[in-house]
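1. Turn this into a structure:
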Amino acid sequence: MERIFRGFAVSIVLVTLVCGVLLFVGCAKEEPEEYKIGSILPLTGDAAQWGAEPQKAIQMAVEEINSAGGINGKKLRVVFEDTQASAKLGTTVLNKLITSDKVQVVVGPVASSVMLAIAPIANSNQVVLISPSATSNVLTDAGDYIFRVINSDVIEGSAMAIVIAKEFNHSKGAILATNSAGVVGIGDTFEKTFTSLGNQILAYEKADEGSVDYKSILVKMKSAKPEFIYAIAYPKETGIMIKQIREAGIAVPIFSAQPAEDPQVVDIAGDAVDGVVYSTTTLTSEVLGTTYERFVGNFNTKYSKAPGSFATEAYDAINIVAKALSEGAESGVKIKEYLYSVKGYKGVSGEMSFDMNGNVNKPIVIKKYSGRDSQPILLFEAGNVRKLSK
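-> This is a model prediction of the structure:
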């Protein structure tokens, strides 16, 4: 009996030792083989054109990062989710990225309305959102985990109002806008700044988002006899607006915002874009050196087309996040702290520093279409305007 007990005891010890070794070898905490982040964009539906260019830029940035050895020897992987520019769907996919994919940072969304809807979820879960294109000024107070690499509508709207009043000497204008958060904010700020300079807005018309017919609105706008029209919307609607303004026989100058830079605006408006002046944070090689030109060249080589709206901003967002990860900021809390420390980051969309509200304040270029090609004509920076060489 004693011999049996001793044998049993020895067996227990051996089993314990073996299990201990196996536990040490097989159950030790494994380091992740990759860094995984999320991206929520409108990839299908009527709003798909807003997400296509950012997605291309993100994919290109990830390929460049991984081909260069990754981040700290690990690959970077982006999990894309489709919002269709819907706030409800945005909520669903963000929850999925947080609970199932365990991401700590998400690049996107594109639309301000979606960003505003999902910001509380990101904040409560300590997950960073960094948008390439959400401009609504309401996002300034959306929480500690909310960032964007594009100017708020206050900056762009104010800048264009000053430029039109002081550089183009117009004092009476009209605004045509679609009724979406990121567009109306620009229009409202433009109106406030323009009138504060002693000028007049004779008509301010807001059409439903996704509208394709502005003819009745333009009849009223024409009768107001403005010296110019400030037409602002997302790319597809911007192209339609410009085309229909000219078809309505309105010959006054047309001004617009960053979406006017998207290639589909020219595709839709055709020769009507000639003479249109618009603002953009896509800086020129004169301002950025060769940084932007190199990005455009690589994008063109990969996709056989020039980058469209928000491609540069999405590219910068990914690279800023990659830089945070490379410096050990792997949790949402650490990534947030890292972003607040960013000062003077030189990206392809301009030099950026994040303020206490996650906003940037980048210079604004004013471009003008000559035929179907646009050229930079002015730079607005820190309230000052200077001419750019052509």
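2. Which stretches in the stretch 151-300 of the chain count as helices?
-> Using DSSP state H, counting those that start in this stretch, the helices of the stretch 151-300 of the chain run over residues 153-166, 181-196, 215-223, 235-247, 263-269, 285-288, 291-303.
3. Looking at the ones you listed, which is nearest to Ile58?
-> With respect to Ile58, and counting by C-beta to C-beta, the nearest of the helices of the stretch 151-300 of the chain is helix 291-303 at 11.7 Å. In short, each C-beta sits where N, CA and C put it, glycine included.
4. which helices and strands does that closest one pack with?
-> Of the remaining helices and strands, those touching helix 291-303 by 3 or more C-beta pairs under 8 Å, 6 or more residues apart in numbering; DSSP states H and E are helix 49-67, helix 285-288, helix 311-326.
5. Can I get the helices of the stretch 151-300 of the chain in TSV including mean neighbour count and distance to Ser279?
-> Conversion of the helices of the stretch 151-300 of the chain to TSV gives the following (neighbours: other C-beta atoms under 10 Å; distance: least, C-beta to C-beta, whole Å):
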stretch	mean neighbour count	distance to Ser279
helix 153-166	23	5
helix 181-196	22	9
helix 215-223	15	21
helix 235-247	23	12
helix 263-269	21	14
helix 285-288	16	14
helix 291-303	16	16
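6. Relative to Ala231, how far out is Ile250?
-> As judged by C-beta to C-beta, to the nearest Å, Ile250 and Ala231 stand 10 Å apart.
7. and what of Val127?
-> Distance, Val127 to Ala231, by C-beta to C-beta: 36 Å.
8. returning to that earlier point: between the helices of the stretch 151-300 of the chain, which has the poorest mean confidence score?
-> Comparing mean pLDDT across these, the weakest is helix 285-288, with a mean of 67.
9. okay but Ala165 is in contact with Phe194, surely?
-> Yes: under the criterion of C-beta atoms under 8 Å, Ala165 makes contact with Phe194 at 6.2 Å.
10. Quickly note the distance from the closest residue to Thr178 other than its chain neighbours to Ala329.
-> Leaving aside its sequence neighbours, Thr178 sits nearest to Ala233 (C-beta to C-beta, 6 or more residues apart in numbering; 4.2 Å). Applying C-beta to C-beta, one obtains 37 Å for the distance of Ala233 from Ala329.
11. So the two - more neighbours on which side?
-> In this comparison of Ala233 against Ala329, neighbours counted by other C-beta atoms under 10 Å, the higher total goes to Ala233 at 30 against 21.
12. chain center to stretch 132-149: distance?
-> Mean C-alpha position of stretch 132-149 versus that of the full chain (C-alpha atoms, centre = their mean, to the nearest Å) differs by 10 Å.
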